[in-house]
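K.L.:
quick one, what's the 3D model for this:
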Amino acid sequence: LSMSMRLAQATAQRNARRISGDFSRICGELETLKGDIENVYNSDGIRNCRDEISRCEEYIVSEKAVLTQEEIDATVDRLCGLTAMFDNVLANEDKISLAYIVLENGMVFSSTDTFYPDVEKADMRTRDWYKNAVAARDVSWAELYVGSDGRNYITVATPAFDNENEIFGVVAFDLRVSEI
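P.N.:
Below is the predicted model:
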């Protein structure tokens, strides 16, 4: 092989190892976060943080969700501490552009100042990445998609389980393809 061919192969192999390492690290981060969320959910949550998050910024309720205000309040009381967990992931992993959980009840929790009111028109439970993670009961990678900012993204998701091994939600990361 010519010198330029050997250099191209070496560069491709180095990039493949880096990408593989990124994916492994991101999957590890997802599994760790999932475990932390399951601990919070199964221990009835983190209390005294409700005033730190607000609807249409750190959590949403899908228009398709059939929840009473009491059920919404109970879920927020139980899971309000998740926002800080998502913020921590984003601060420590620059390849993740968004971290969130979609609950079976139709609510979604994410990092600080993520949402806006129109997002409540969507039902994330109908998305392929959500359905695939639920069906696999394991980590699932979604198809590439174009975000509202015109950039290419991919979603990695995994279901979260309660103490009875029932799925209560799907934890997901959105990754900008240009960052991987």
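
K.L.:
only C-alpha atoms for contact and neighbour calcs from this point on.
P.N.:
Noted.

K.L.:
shaky segments in the chain?
P.N.:
For the chain, applying pLDDT under 70 flags the ranges 1, 4-20, 46-48, 116-117, 179-180.

K.L.:
okay, helices next: where are they in it?
P.N.:
3-42, 69-79, 82-92, 128-136 (DSSP state H).

K.L.:
turn the ones you listed into JSON lines, columns for mean neighbour count and distance to residue 109.
P.N.:
As requested, those are exported to JSON lines (neighbours: other CA atoms under 10 Å; distance: least, CA to CA, whole Å):
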{"stretch": "helix 3-42", "mean neighbour count": "14", "distance to residue 109": "11"}
{"stretch": "helix 69-79", "mean neighbour count": "16", "distance to residue 109": "8"}
{"stretch": "helix 82-92", "mean neighbour count": "18", "distance to residue 109": "7"}
{"stretch": "helix 128-136", "mean neighbour count": "18", "distance to residue 109": "14"}
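
K.L.:
and of the ones you listed, who's closest to residue 110?
P.N.:
When the helices of the chain are compared by CA to CA, helix 82-92 sits nearest residue 110, at 5.6 Å.

K.L.:
tell me what angle that closest one forms with helix 69-79.
P.N.:
Taking axes from the mean of the first three to the mean of the last three CA atoms, to 10 degrees, one finds helix 82-92 and helix 69-79 inclined to each other by 40 degrees.

K.L.:
packing partners of helix 82-92?
P.N.:
helix 3-42, strand 96-103, strand 107-110 (3 or more CA pairs under 8 Å, 6 or more residues apart in numbering; DSSP states H and E).
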